[in-house]
Structure formats: structure tokens, C-alpha cells
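Peer 1: fold the following.
(4 chains)
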4 protein chains.
Amino acid sequence: MEAHDLARQGGHTVNGVDEYKESFDGIEVTRVKVRTKVAERRLGKRKGTYVTLDIPGLRRRDPDLQERVTQVFADELNRLLDVPENGSVLVIGLGNEHVTADALGPMVVTKLFVTRHLLEYMPEVLGNGQGYRSIAAVSPGVLGLTGIETSEIVRGIVERVKPDAVIAIDALASRSLSRVNATIQLTDSGIQPGAGVGNNRKSLDRETLGIPVIAVGVPTVVEAATIANDAIELVLNQLREQVPGNAATALFDQLSTGEKWHLVREVLDPMENNLVVTPKEVDDFMEDVAYVVAKGLNVALHPAMTMEDADLVTH
Amino acid sequence: MEAHDLARQGGHTVNGVDEYKESFDGIEVTRVKVRTKVAERRLGKRKGTYVTLDIPGLRRRDPDLQERVTQVFADELNRLLDVPENGSVLVIGLGNEHVTADALGPMVVTKLFVTRHLLEYMPEVLGNGQGYRSIAAVSPGVLGLTGIETSEIVRGIVERVKPDAVIAIDALASRSLSRVNATIQLTDSGIQPGAGVGNNRKSLDRETLGIPVIAVGVPTVVEAATIANDAIELVLNQLREQVPGNAATALFDQLSTGEKWHLVREVLDPMENNLVVTPKEVDDFMEDVAYVVAKGLNVALHPAMTMEDADLVTH
Amino acid sequence: MEAHDLARQGGHTVNGVDEYKESFDGIEVTRVKVRTKVAERRLGKRKGTYVTLDIPGLRRRDPDLQERVTQVFADELNRLLDVPENGSVLVIGLGNEHVTADALGPMVVTKLFVTRHLLEYMPEVLGNGQGYRSIAAVSPGVLGLTGIETSEIVRGIVERVKPDAVIAIDALASRSLSRVNATIQLTDSGIQPGAGVGNNRKSLDRETLGIPVIAVGVPTVVEAATIANDAIELVLNQLREQVPGNAATALFDQLSTGEKWHLVREVLDPMENNLVVTPKEVDDFMEDVAYVVAKGLNVALHPAMTMEDADLVTH
Amino acid sequence: MEAHDLARQGGHTVNGVDEYKESFDGIEVTRVKVRTKVAERRLGKRKGTYVTLDIPGLRRRDPDLQERVTQVFADELNRLLDVPENGSVLVIGLGNEHVTADALGPMVVTKLFVTRHLLEYMPEVLGNGQGYRSIAAVSPGVLGLTGIETSEIVRGIVERVKPDAVIAIDALASRSLSRVNATIQLTDSGIQPGAGVGNNRKSLDRETLGIPVIAVGVPTVVEAATIANDAIELVLNQLREQVPGNAATALFDQLSTGEKWHLVREVLDPMENNLVVTPKEVDDFMEDVAYVVAKGLNVALHPAMTMEDADLVTH
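Peer 2: Below you'll find the model as predicted:
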């Protein structure tokens, strides 16, 4: 779920919502806080903080930019993370590792500096653990391959591991072409693994797991219907501007409700409507962004770990 | 290059072009033959035969359909292939194996039943070669990774191997969403590896290689701009129909030349215009279609090989 | 743990142990049943049934043999499996999917026909489930990557999924070169994930999970020390035979206790003693044997599934 | 072919052979130069320079050591490389990329900073090429998959690309367990791709290609027979020492000719004698050593490239 445009609706800021923006070289950070029940209802979003890193250059494989993004991401994660320095975190890599565009979670998990077993069985290799949180990490798979609701697997593991917090990583479907492979999102309001069929029991959040849950998401796919719809919106707006007060305008506006989607469906009919697409360069992008997220997690989760250290342990 | 709509332009068949259609269960075969210089110029296509297999169900992982497609593909390839039963063929797997959507050629090459070395060094393992053509296969890589024009590599190898014909396999960019992962194309008119910057010297065809060249292509990607453009076309057509003779119509028609592309660019601006997308399920699809093409080649190239045999050698 | 030579020790059958052998074309099946506490102690093996399929030809990529092995494996699994036709099974793919020789479990899991979610949410796609058991499957990862004891993860999942039985798949270290990539082993006595440091709490068995546990193992690696040791044993035996009653014999026999291992260590010193090796062709072998095991599971677990059906669902 | 023990035979240095040794922190460099026809015959090695980097710690994934190895390797390569600063090099990645232990060459090729096409089509992106050699790179595949002798493919490409020199990268079979995954070898005397059936026509060397050829090899596999043989040698030596002048000694020495190999064969019989093994951790090792070799090549081949630059372009 993208939180980016939440705070402004119809051009003005909603009551009960705070929004801050900050810019770095090539990175724009937006922090939106939904504070009240009223705002929750109006935005259709749960109370919580939603942080978005917009990085249009992320698709261009620029190592310097990636380094800056890693640092900003680590900082933002630390703001959200409410776990003591000697606390424990369970990282959940959501998604299907055999579908490249969906594999972010499992890829990040394999790159983490996992310490829970070291701290338990041989703390001396970590200088008795000073500066290292107890990190565990699991990729639970997806319903279609396991036959089990992902949330069930996670709850089973949480009950035995008893971490202080969960961080869930997932590749997301975006509602906007411009965010695909160009955004990293964080929230403390939880996440729904899979297609999100709307069953609250299946969420991973503080309510269902009993501990804080931070979700980290990167939009990697977009529905083809979205691209078509955006194009149609745009041409209609253009026409409205150029034929103001015209009889045609009425027609367009009439169109903009039900008929527009009918049109979109017609365009996309051959692709069976719900075709989801991803940039052709998805293999390289996933490798890059998984590295950024994993290294950011390694730095944020272990106070003793510098960016240089993280390069050595983030494979 | 898609040949599918070649023969009909403006609603009627072009002179000097033959077109045949044939339907199988779930597969529509179109054979277009460009016969004259005039047709060549009018269509902007070289003389030659263009065969298209339209298989809308190919995306759905239906093993029965895949089996039928394999057989039809093998038959069509045999119609185009003008090589004696004891002749030799060099198969070229074009594309970048590290970009899933572009990896068709290299994937097919690894699944072929290659015989050239067996026939030379130990023909007895193939019953002295009766019913087996001499098949060699190479994946030359892409310019960006080798630093060498693919056509140069192929010519260097052809000069030493001296095959009777070349078959080049490649993943294609489609100009239509509906053909992505739903079409297999064959032609005897050659192919241009890579983005086709229009340098004839770089083609792989009878002229440059001195032997027949058959190209086999599967559209696996489409420009996002194409999706947007198709959507805009459609909405404009709809409006034209509903407001005929209206002042607005003139505006739309005016729009349809230069401005439309300006609009498309505006929609796609955030994605840097030339974004190329592929269905999210590209990993599974490539595996399936590479199997179909490789098994079809194995059956078509070796007269002694049955479909059952081919299952055992097509890994 | 290999059960193959269990029943005969010092040349005669141990009391309280049953052993049956059966031969198929290229496959030798041995079933050993450890029945009594006494036998348990003498063999150092828990009570239970140990089935070994010896298939020396398995390394040779023979599709016909693989087909026969699949059927024999499915039959043996069915003998051990005590689950009603409408019962439920959780398959656990043990091992590290990023280390090819250790990836058997995760590879099998991705090839299974998982049905638990289908039977729950859309039983109609399976003809209301007649002939299909409820199968779930999970790859829990390894301690070094998750930071969590594998047995803890499995217990957490078992508690929530509540299957009637667990089947655990794992790649094994063999104590004999001849069994690597040539044996499939089954037992109903449980399994210890990972290096088996001897902590009973960490076993996966009926005692710890409260339900039947069947382990399926394929030896894929062997310690280099084993190869060296076998070679030394052999040369000493040879010398003993040729210089009987000689003063040297006493020396050899003396050697055979502590010094022999010292010698072995000396040979292997450069490789840090505990070097574990796998045949160079491990990539192809793992692909083949994962297919055999997964297809065998699919056929054994779903009474309605024929070998032909299984080919379509075992990717 | 390992050159490591060449210069000393029977304990003294051979005439016509120079040997130098140099030690770095954790790396021992040996340079052997075979200078005369006589030495060539006595050593069974062609005239040329053989450089070996012994790095016992290379298996332990130590990033600091890897960095030092990269620098030493780059320096040694530069000593051997006789190409002007604006010259051109074709890198050949030998081996089968689908067999992990054999994939070094193809893995290195994908990590190289290839410049030939950039220098030809857009030299401005490289500051008009100052400090960058023209590098092209190809992975020709293996005979079993292409049906073509690798040397034929390479010669075809060399004839068209016309580089000043060739560098061939390959994974090697070692004759000693201690060198596997612990050695990097360089020579200017050429290389024979594949099993080296002894056909000189198939070598890649200055004679067959007409330009200097540098071979870079890393032993990644060893015959199981070698491990067994080493063990037997050792135990016999031990016995010889302990029973000097004994009747048994004669027996052992008699054994050491023909019978020893008979013994070895007996040990390895179940594995079909020619079993080739590789450490279980081959996946990680190949990734690490391919990075070291590729980064070393990038630094050595491009005078303008620092170690830091190389990190950014060596993916």
C-alpha cells in the first residue's frame, strides 16, 4: 500500500494527519502520520507512520546513489524501530523467491547479518554481543507454494522465537508507474502478505502478533490497466482544457465514471485484464535494491556495525 | 519484427503478398509470403516467408496445449527448413541470459540435442547417424557484455563450422500487448540481433552469412508507451463515434498525429519514456516456452526423433 | 544416518532386527526393522523401520531408471505412511537452498503438488478433494541463515497447521563414497536437522512433534577423510593377507586403532580435516533426484494421482 | 596443469628452470620459468612462465584476504601481459556455466568491464579512452553443449576481432587436494580447453592463435582417486619408516608400482573410478573467486582503474 499521496486529498491537508518532507541529494523523504480515528476513516488507512523514500534514479544502477539511499533508509528505519539496543528482531522475507519481481523479501533475508544463534551459542565471536541485536530471519514462502497462510507460519514462529519486534520485507504492486523500482516505503502499521483478500486475521501487525511490526516495501510491479488508465485520464484532461464548456466535455465527464474502466478493459482484453508487468531489467534491479535494503537493515539493527562493516557481511 | 498484420493494410490484401491461415485447437497459424520488390517496399518488409503461431492460452501453463504447440511449431519449422536429411545446422541463441525476459535464445540452446561432435567422434552412439542431422549450438552473448557485435561472432563461427543453415532464436519486443508471451514467429528473411540500429551489415541473413537463415522469435516484452498509446487510441475512437461531425472530432483527429505522442510521453515521463515491461510471471513463462521451442527444434531437426524421445533429451 | 549395514554386524543378523531385501531392475530395496530395546542399544539406532533404495545407476541420468525408482520410492513411502486417505501431511524441506549439494529439501518442496489451501478455499478445483490428501510444504532454512533452530520453526508451524504426519526431506552426508548420489533412504524414526550435535530436543520425531515423522534422505556428500580412510583400510587389509603371521602384521593391527586416524588427518591436513566433498556433477544430479523424490511424493500422497498426472504437476 | 612443483624434481632444481618465491600476508607467490628445450622435455612442460598464488585461507571467505589476493593477482597478470596501454585484449571464459565447479570462466566474463564497443561507438563515456584498453569477452561454451571444439570457436572470433592478446580463464582439476580452492595459477604458455585429449591443434596458445595467450586457472575439483592415492602413499611411507630393512618393505615397494593403482581402483570402484569431487561449499567459493579474478582483471587491464573503481563495475 502506497502512503505517498495520503495526506493531501482534494488539494488540502486532512485533519489529524501530519506530513513532513525532507530532501537529500536524489532522495525525497516523506513522513506521513495518521493520528486520529477520523483521519483513519477518511484516508482509509490505519493509524501509524508512513515513510516514503522517492528515488527516481534508483533504476539507473548508480552505486553512489545506492550508498546514500542505504544510509537514509537505515536512519528512517531507526526512527520507527522501538527496540532496545540489546533487544531482538525477527525479519520476515515475504514473497515468492522463484518469481523475480516478487523475490525481494527472500533475497534480503539471505543477505542479513543474522546473530540470534551466535549470541546464544558463541557470543564471544561477537565480542560478547556488545552492539549487536539478536536478529533472526525467515522466508515463509507464499500460500500457493506452502498451502498455509503466511500469517499462520509467521505467528507459529513468533510464538516460539518471541522477538521484541518483527520487520516484514515485501515487493509491492504499485498503483502508479512512476513508483515502480523508484520507491522504498516503511510503515509501523503492519502489512498483509499476498493479494490482501481483506481478512484482518491475516494481517501481520501489532494486533495479531502482539509486538511492533514494521513493514518495508518496494513497488516492483504495476497493473497494465494502471498504465492504460493513466493514459486515458491524461488525454481526457487535455481535451477538457482545450474544449472548455463544450458539449463534448459533458460527454468526457460522463465517461470518466463507469465507461472509462470499460474502455481500459477493452484495451487490455487480450492480456486478460489483470496483467501485472514489471520492467524488463527486473533481475538487476532486484539484486541492487535487495542489497540496499539488506545493508540498511544490517546497519540499522546493529549499532556496532558501520557502513564499511556492512559491505563485508551483506553478500 | 512482427509479421502478423503485414498482409492486410487498409483492409485489403496487398499485391505480391500471399497469406494463408490455418487453425488448430487453440493455435492459429498465419503464413505470409512477401513475393515482390513492390510488396517489399510497401510493407517495409524484406521478401520472404513470415509464419506466426498465435496461442493466447500459452500464458496459462497448460501442458496439453504446450504439447500441441510443439508439434505445430516443429511442422512449420520443417516447411521453412531447406536442409538435406544428413545436412548440418548451427543454432544461435541470441539474447542476454542474465535478463530473464531476454534469455530465450540461451535457454533453448542448453536444451538442444547437439550432435555435431557425436557424429564426428563417435557416430556409433547415434546408430551411425541415420536420422540425425549434425547440430551445433552457440549463445554468442550480447554487445553490452561481449564488446563485440553479435553478428561478428556468428560470422566468425559460421566460417569455421560451415553449416548448411543457421537457425537464430531470440526473445522479441512486441508492438502489441496481446502478443507478449502468446506468439511464436518464424521467418526465413533473417534477423537483426540487438536493438536493430538499422545497420544492414549487422543482420544475420542469407546475404551476410551466405547460407539460409531461419529466425524464431517469441515476443516477451512490450514498451509501456505502447500500452498507453493503445489506450489513448481507443478512447479517441470511442469519442469519435459518439460525437460524430462535432467540432471536437476535428480536434481529436488533429491530436492523433503529433500531440498524441506528446501525451503518451507525458504519461510515461516518470518512467523515462522507453520503459520496457514484461509480465510478472516471466520466469515461469520463459521456462515453458524455451522447452516448447527446444523440443520442437529437436523433433524438427532430427527425423529419427519422436516427441517421446524428445522429452528425454530436452532437459 | 545410513541404515544399510545395520542388520548384519560381525557377519550375522542381530537379534530383534528384521531384514528383508527385494530387487528390481537396477534397484535393490533393503528394509530393516529395529524392534527391541536391546537391538536399539546394540545398533546405536532407534527403534523403527529403515528402508534403503540402492540405485548405482542413479548418477547416470537414465530417464527410464528414474521412472522405475520413482514408482518404487512411492510404494515404499506408502508402506511407511500411516495417514488416512483424507488425512493431512506437512512436508518439510530441510537444508540450505543456496548450497547446491544441500538443497534437496527446498528443491523438492517447490515441486510438490500442494493442496491444503485448495481444499480449504476452493475444493471444487480438485473434484471436492476426492483422492487428494491435504498437503502443505515448507522450507524452514538452516540455523546459520535464520538464527533459529530448524526444529523450533517446524514445531511452531506444526502447532498451527496440525497435520496428521510430517515428512522431512534432507540431503545427507554419507559415510561411504559408494552411496553418494546412489541411494534413497526412508525411515519412520525421525531426523535431526543440521549437523546433529546430539541434542535430543532438536530432533524431528514422533516424540518431539507428537505425530508420525517420516524422513527421506539422499546422501549427496562425503567427508574427504572417509575416502582416505577407506583407501588406507584397503591397503592394510591387502598387506595383512600377503604377509600373514609376519611381524609387520602386528604393526599394522596396532596402527589400525589410533594411528590410522592420525595418518588420515595428515593426508587431509591441507584441507582442514573436515572437508566435505560432492561429485562435480552435483547440479544435474540434484535436479534429477529432486524430481524423482517430488514426483514420488506426489504419487504416494494423492491416491488419485497417476504417474502421468504427476509429470504435469511436478515442475 | 599445475606448475607448482615443476622446478624441483627429486629435491634439486632442474637446469634451464628459474624459480622465484615471494611471500605476502597469507599469499605465497611462486614464479617458475622453463627456459630451455631440455628443461621442457624433462619437466614435460612447454617453455614459458608459470606463476602460482598459494592462498590456503582463500576458502574461508575473508574479505580482507580477498582484497590482497586481488591486488597481487593483478600485479602478476601485469608482469605477464605484453600489450600496449592502448592495446586490445579478448578474454575467453572457458568451462560450463551450468556446472558450478566448472563455471569460473563464464562467471568472470559477466563481471568484466568490457570496453571494446564503448571505445568504438562512444569513446566520450570513457574520457576518450585514456587509460582504458579495448576489452572484449566471450564464453564459448563446452564441446558437449555446442558440438564445436572450443578452440574452433575461439579461433573464429579471434580472426574477426583481431585482439593483441587473449586471456583464457578456466576452472581446473587439481592433482592435489590441498590446492583445490586455494590456488590461482597464471601462465603464458597457453591452455587446452576441456579434458585435454592431447590434440595440439586444439590448444589455445601463441602458436595456434598467432598472438600471446595468458591462461588463468583455479583448481576447483580433484579426482577422488587422488585423495585415495595420497592416503595410501602416506601409510606406506609410514610403514617403511617403522619397519626399515624388513621383508615387508620390499613388498611395499613392489606394491608401489602397479598394485597401488589397482588398490585405488578397488576403493573407488563403486564411484566408477573417475569420480571428480569438489568441496560442498563450491557455490560460495566460485562466487568469491570469480569476483577476485574479475576485479583483478579489471584493475590490471585498465591502467586508469583503481581498486575502488573496480568495486563499482565488478558486479
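
Peer 1: which residues touch the residue positioned nearest the centre of chain A?
Peer 2: Centroid check for chain A by CA atoms, centre = their mean gives A:Gly217 as the closest residue, at 1.4 Å. When contacts are counted by CB atoms under 8 Å, 6 or more residues apart in numbering or on different chains, A:Gly217 touches A:1, A:169-172, A:184-186, A:191. Yep, even glycine has a C-beta here, placed from its N, CA and C like the rest.

Peer 1: what of A:Thr100?
Peer 2: Counting by CB under 8 Å, 6+ apart, A:Thr100 makes contact with A:278, A:282-283, A:286, B:100, B:282-283.

Peer 1: quick one: the closest residue to chain B within the stretch 101-250 of chain A from A:Lys45, how far?
Peer 2: Chain B sits closest to A:Ser178 of the stretch 101-250 of chain A, with a gap of 3.0 Å, by CB to the nearest CB. Counting by CB to CB, to the nearest Å, the separation of A:Ser178 from A:Lys45 is 20 Å.

Peer 1: swap in A:Thr314?
Peer 2: From A:Thr314 across to A:Lys45, the span is 32 Å (CB to CB).

Peer 1: same question for A:Glu19.
Peer 2: Between A:Glu19 and A:Lys45 the distance is 13 Å, computed by CB to CB.

Peer 1: higher neighbour count, the two?
Peer 2: A:Lys45 (19 against 14; other CB atoms under 10 Å in any protein chain shown).

Peer 1: quick check: the more buried one touching A:Lys37?
Peer 2: No: applying CB atoms under 8 Å as the test, A:Lys45 and A:Lys37 come out as separate, 11.7 Å apart.

Peer 1: so which bits of the stretch 151-300 of chain A are right by chain C?
Peer 2: Contacts of the stretch 151-300 of chain A with chain C, taken as CB under 8 Å from any CB of the partner chain, map to A:152-153, A:155-161.

Peer 1: looking at these, which one is closest to C:Thr110?
Peer 2: A:Ile153 (16.0 Å; CB to CB).

Peer 1: now that closest one: closest residue in space, sequence neighbours ignored.
Peer 2: Leaving aside its chain neighbours, A:Ile153 sits nearest to A:Pro140 (4.1 Å; criterion: CB to CB, 6 or more residues apart in numbering or on different chains).

Peer 1: quick one: that neighbour is in a strand?
Peer 2: No: going by DSSP: H, G, I helix; E, B strand; the rest coil, the assignment for A:Pro140 is coil, not a strand.

Peer 1: what is the burial count for the closest residue to A:Val99 other than its chain neighbours?
Peer 2: Counting by CB to CB, 6+ apart, A:Val99 lies nearest to B:Asp283, which is 5.8 Å off, once chain neighbours are set aside. If you count neighbours by other CB under 10 Å, B:Asp283 ends up with 20.

Peer 1: contacts only, for B:Asp283.
Peer 2: By CB under 8 Å, 6+ apart, the residues touching B:Asp283 are A:98-100, B:100.

Peer 1: where does it land in three-state SS?
Peer 2: Under three-state DSSP, B:Asp283 falls in the helix class.
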